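Participant: take a look and give me a structure for this.
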Amino acid sequence: MKNARNLLALAAAALMATSGMAMTKEEHNAGKDRIGADYKAAKAQCDTLQGNAKDVCMKEAKGREKVAKAELEAQYKPSDKATYNVNEARADADYEVAKEKCDDQKGDAKDICVKDAKAAHVAAKENAKVQRAQAKPADSTAEKRADVAEAKKDAAEAQREANYKAAKERCDTMSGDAKDKCVADAKRTHGQ
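Facilitator: Next comes the predicted model:
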């Protein structure tokens, strides 16, 4: 009985601490205003640059804005979906910047860069899905384990596919027997 009361008191304290940290509507609006001002300042800095450096800067500024907005929403209305949205926004922002940086390259090097960026993007998004499955409440431990195992299985499959495509892109720079061996090695390494 004493343990049950202690557990109940601990749960109540945690709930009060969480609700005490909840963001008010005014704080949420102020956060939105701050994010908008930060984006405008970053965009103004990008305007001083030229060429692809400016494009990369703009992607970075836009990415920071999207991530900040997702983080703000996660603070305002915390949930496993909000946390997932933050992780997804980070993955998307990193991908957009990485793709833009690939524009500095040409030909096969650019193609490989884009495939590598895509592979990293897939990995980040799949990891976010696994984290969401781990954080999501379930009716039973067995159900949660099954959900997490399924998310991990799907993530591994998607990552293997993306990594294979990136490896295959590297093989495309070769010819003849070297290319055939490279493709065979990529298939074997990435389970294709």
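Participant: which residues are contacting stretch 27-40?
Facilitator: Stretch 27-40 has contacts (CB atoms under 8 Å, 6 or more residues apart in numbering) with 23, 61-62, 64-65, 68-69, 72, 75-76. C-beta here means a position set from N, CA and C on the backbone, and glycine is covered the same way.
Participant: of these, closest to residue 107?
Facilitator: Nearest to residue 107 among those is residue 62, at 27.4 Å by CB to CB.
Participant: list the buried residues of the helix or strand in which the closest one is found.
Facilitator: Using DSSP states H and E, residue 62 maps to helix 51-76. Residues of helix 51-76 classed as buried: 55-76 (neighbour count, 16 or more other CB atoms under 10 Å).
Participant: report the rounded mean pLDDT for it.
Facilitator: The average pLDDT within helix 51-76 is 96.
Participant: and that helix, what does it pack against?
Facilitator: helix 25-46, helix 80-102 (3 or more CB pairs under 8 Å, 6 or more residues apart in numbering; DSSP states H and E).
Participant: those: which one's closest to residue 182?
Facilitator: helix 80-102 (21.1 Å).
Participant: distance from the chain centre to whatever helix or strand comes next after the closest one, please.
Facilitator: Reading on from helix 80-102 to the C-terminus, the next helix or strand found by DSSP H and E is helix 107-135. Put simply, helix 107-135 sits 8 Å off its chain's centre (CA atoms, centre = their mean, to the nearest Å).
Participant: give the buried residues for helix 107-135.
Facilitator: For helix 107-135, a neighbour-count test (16+ other CB under 10 Å) marks 111-133 as buried.
Participant: give me the low-pLDDT residue ranges for this structure?
Facilitator: 1-21 (pLDDT under 70).
Participant: returning to that earlier point: so which of the helices and strands packed on helix 51-76 is the most surrounded?
Facilitator: Highest mean neighbour count of the helices and strands packed on helix 51-76: helix 80-102, a mean of 18 (counted as mean count of other CB atoms under 10 Å).
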